[in-house]
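S.K.: For reference, the sequence and a predicted model appear below.
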Amino acid sequence: KNQKIQTSLIFDSATNIGGMKENQDDSFVWRHDASNSVVIGVFDGHGRDVGKLAAVHAKAHIVEWLDKNFDRLLSNPSETFKSLFEETHSSILQAFKKHLTSKGWTVKETGGYLIKRRSMSNPWTCAHGGTTCSIIVILGKNRIITANVGDSTGLISCKNRNINKNELLQLSLWPESGGIIEECNENDKNKKSNCENKEIGKNALIITADHSPESIREFYRLRNSHPYPREPILPHLSIVYDSPNANKMKCQLVFQFNENGEPFVTGNGAYFKNVRKEWASLVATPMRARFQDALAFTRSLGDFHLQCYGVSHVPDVHFLDLENVFYKNEESSVIEGKNEMVSCIVLCSDGVWDNWQWDEVVLFFMDSFRINEVYKSGNCSNIVKEFMSENMRRSQNNFGYQADNATAV
């Protein structure tokens with residue numbers, strides 16, 4: 001137990017366009033041989049004109065940054081990630097402007113966001129779009145650092161090792177990041193949706209932060225950073241349950257207040273967004289906004305108009321020490337004839353997660369037969385292909401021709 005663990009990393013990735021006209025997802029795997037580290041990232045772009053550009057540009061900017069500045073992550077990961085996301089967010093604005101101009105639009109920056117029009121006789125419209133960004137750093141092969149905005153979720157599972165949410169340390173404690181993720185009582189209706197880093201059984205843990213509009217922590221962050229001018233008990237953004245047949249201003253509210261003035265989640269959704277029966281919810285610009293816009297999560301890169309009202313590009317950053325996980329107990333190994341421990345990190349866009357229960361993904365990748373096959377072959381490409389093939393089958397069954405882009409690392 002006093003010796004450092006020796007870790008072998010085997011990884012692969014895959015993506016699928018689903019039923020969409022364009023695949024706006026992107027991902028990367030980046031190695032730093034000097035420190036035996038690996039960085040993986042997933043981006044889920046959105047927006048008809050610039051969604052794909054947002055994801056592609058964010059990926060390219062971050063990979064280029066890693067090539068030049070990775071050592072900065074070793075000394076101060078939280079502040080470094082905060083700075084990196086700020087730089088990437090700003091860079092996306094310039095990329096949007098250049099791209100739209102090249103397509104014949106007249107583009108103008110106003111109030112921190114972009115507006116565009118084809119000619120003097122046309123009205124100005126807003127340039128909508130952005131991307132999720134979830135980064136996982138496997139540092140020195142025995143520590144994990146995650147940083148994310150949006151709903152591209154990361155999960156770690158361990159074979160024959162228990163892992164709980166207390167081992168995931170929050171590093172992002174800036175006020176603009178929402179403060180501390182508080183512990184919650186599962187029986188407390190007012191705080192139930194604040195259990196962001198959920199245990200998935202005893203052997204797995206979500207290692208990215210929840211930026212759902214149903215997050216009470218995000219409600220407080222939105223209200224503190226951008227309160228509604230006429231009623232500061234509310235955030236400036238409307239937080240509503242989506243309805244396919246209603247104006248966003250007429251949708252059911254996600255939050256109401258109890259007798260003590262504390263917000264709680266109403267659960268009055270119109271339809272489920274995934275097989276885990278989580279309600280489809282949105283943050284939307286207020287009624288008097290110059291342009292109407294909405295988003296299915298509270299943080300992103302890009303989405304410059306929405307960021308004027310409270311959507312944030314500041315990431316949540318977390319840390320996990322794998323040595324604490326691996327050496328916590330000593331059970332038999334799953335690998336035939338080998339005294340080794342196995343864990344799997346799965347980072348995916350919502351086009352994957354919408355089709356699975358959390359524990360189903362754990363069972364898939366922690367299957368003893370699959371683990372042994374990966375160990376014997378030295379790669380996991382066949383397992384990833386099998387997983388994505390099954391995801392496509394589920395997605396077509398669940399969503400038909402509206403099956404979303406799906407990406408997994």
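M.R.: Sure thing, it's come through. Residues are numbered from 1 along each chain as shown.
S.K.: wait, residue 117 sits on residue 123?
M.R.: Yes - using CB atoms under 8 Å, residue 117 makes contact with residue 123 at a distance of 6.5 Å. Yep, even glycine has a C-beta here, placed from its N, CA and C like the rest.
S.K.: So which of those two has more stuff around it?
M.R.: Neighbours around residue 117 and residue 123, counted as other CB atoms under 10 Å, are more numerous at residue 117. The numbers are 14 against 7.
S.K.: what's the distance between the more buried one and residue 373?
M.R.: 56 Å (CB to CB, to the nearest Å).
S.K.: Could you double-check that residue 59 sits in contact with residue 41?
M.R.: Yes - with contact defined as CB under 8 Å, residue 59 counts as touching residue 41 (6.5 Å).
S.K.: Surely residue 148 is within a strand?
M.R.: Yes - counting by DSSP: H, G, I helix; E, B strand; the rest coil, residue 148 is found in a strand.
S.K.: so who does it touch?
M.R.: 132-135, 154, 208-209, 211, 315-316 (CB atoms under 8 Å, 6 or more residues apart in numbering).
S.K.: ok, 6 Å please
M.R.: If a contact means CB atoms under 6 Å, 6 or more residues apart in numbering, then residue 148 has 134, 208-209, 315 as its contacts.
S.K.: who wins for most neighbours among those?
M.R.: Result: residue 209 is most packed of the contacts of residue 148 (other CB under 10 Å), 31 neighbours.
S.K.: SS state for that one?
M.R.: Taking three-state DSSP, the label given to residue 209 is coil.
S.K.: does it really touch residue 318, like I thought?
M.R.: No - contact between residue 209 and residue 318 fails when scored by CB atoms under 6 Å: they sit 7.1 Å apart.
S.K.: Which of residue 59 and residue 41 has more residues huddled nearby?
M.R.: Remark: of residue 59 and residue 41, residue 41 carries more neighbours, 25 against 21, as counted by other CB under 10 Å.
S.K.: My read is that that one contacts residue 30, right?
M.R.: No - Residue 41 lies out of contact with residue 30 (CB under 6 Å); the separation is 7.8 Å.
S.K.: can you pull the contacts of residue 263?
M.R.: 219, 255, 257.
S.K.: quick one on the thing from earlier: hey, what's in contact with both of residue 59 and residue 41?
M.R.: residue 28.
S.K.: Centroid-wise, who is the farthest residue in the protein?
M.R.: residue 121 (40.1 Å; CA atoms, centre = their mean).
S.K.: Find the helix or strand that it is a member of.
M.R.: Taking DSSP states H and E as the definition, one finds residue 121 inside no helix or strand.
S.K.: just residue 364 next, same as before
M.R.: helix 358-365.
S.K.: Need the residues that contact that helix.
M.R.: 157, 200-201, 204, 344, 346.
S.K.: can you pick the most crowded of these?
M.R.: residue 204 (26 neighbours).
S.K.: in the stretch 301-409 of the chain, which ranges drop under the pLDDT threshold?
M.R.: Filtered on pLDDT under 70, the stretch 301-409 of the chain yields the residue ranges 327-340.
S.K.: and with 90 instead?
M.R.: By pLDDT under 90, the low-scoring segments of the stretch 301-409 of the chain are 322-343, 375.
S.K.: how about the helices in it?
M.R.: Assigned by DSSP state H, counting those that start in this stretch, the stretch 301-409 of the chain shows helices spanning 304-307, 322-326, 350-353, 358-365, 368-377, 381-399.
S.K.: Now these in JSON lines, please, with extra columns for distance to residue 275.
M.R.: Rendered in JSON lines, the data for the helices of the stretch 301-409 of the chain read as follows (distance: least, CB to CB, whole Å):
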{"stretch": "helix 304-307", "distance to residue 275": "27"}
{"stretch": "helix 322-326", "distance to residue 275": "28"}
{"stretch": "helix 350-353", "distance to residue 275": "9"}
{"stretch": "helix 358-365", "distance to residue 275": "9"}
{"stretch": "helix 368-377", "distance to residue 275": "22"}
{"stretch": "helix 381-399", "distance to residue 275": "6"}
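S.K.: any idea which of the ones you listed is most buried?
M.R.: helix 350-353 (a mean of 26; mean count of other CB atoms under 10 Å).
S.K.: Can you tell me what sits against it?
M.R.: 18, 151, 153, 391, 404-406, 408.
S.K.: re earlier: tell me which of the contacts of helix 358-365 is nearest to residue 77?
M.R.: Proximity of the contacts of helix 358-365 to residue 77 (CB to CB) peaks at residue 346, which lies at 21.3 Å.
S.K.: Could I get the contacting residues of that closest one?
M.R.: Here residue 346 is in contact with 155, 361 (CB under 6 Å, 6+ apart).
S.K.: ok, 10 Å please
M.R.: 136, 153-157, 204, 207, 352-353, 356, 358, 361-362, 364-365, 384, 387, 408-409 (CB atoms under 10 Å, 6 or more residues apart in numbering).
S.K.: Counting by contacts, list what the lowest-mean-pLDDT helix or strand in the chain packs against.
M.R.: Lowest mean confidence among the helices and strands of the chain (mean pLDDT, DSSP states H and E): helix 322-326, at a mean of 79. Identification of packing neighbours for helix 322-326 by 3 or more CB pairs under 10 Å, 6 or more residues apart in numbering; DSSP states H and E yields strand 143-149, strand 153-158, strand 343-348.
S.K.: Low-confidence stretches in the protein?
M.R.: Short version for the chain, where the test is pLDDT under 90: 1-9, 33-36, 74-75, 139-142, 158-167, 171-203, 244-250, 287-288, 322-343, 375.
S.K.: Identify each buried residue in the top strand by length along it, please.
M.R.: Assignment by DSSP state E gives strand 37-46 as the longest strand of the chain. Neighbour-count burial for strand 37-46, counted by 16 or more other CB atoms under 10 Å, picks out 37-46.
S.K.: Quick check: neighbours of that strand in the sheet, parallel or antiparallel?
M.R.: Strand pairing for strand 37-46, using DSSP bridges, gives strand 25-32 (antiparallel), strand 130-131 (antiparallel), strand 133-139 (antiparallel).
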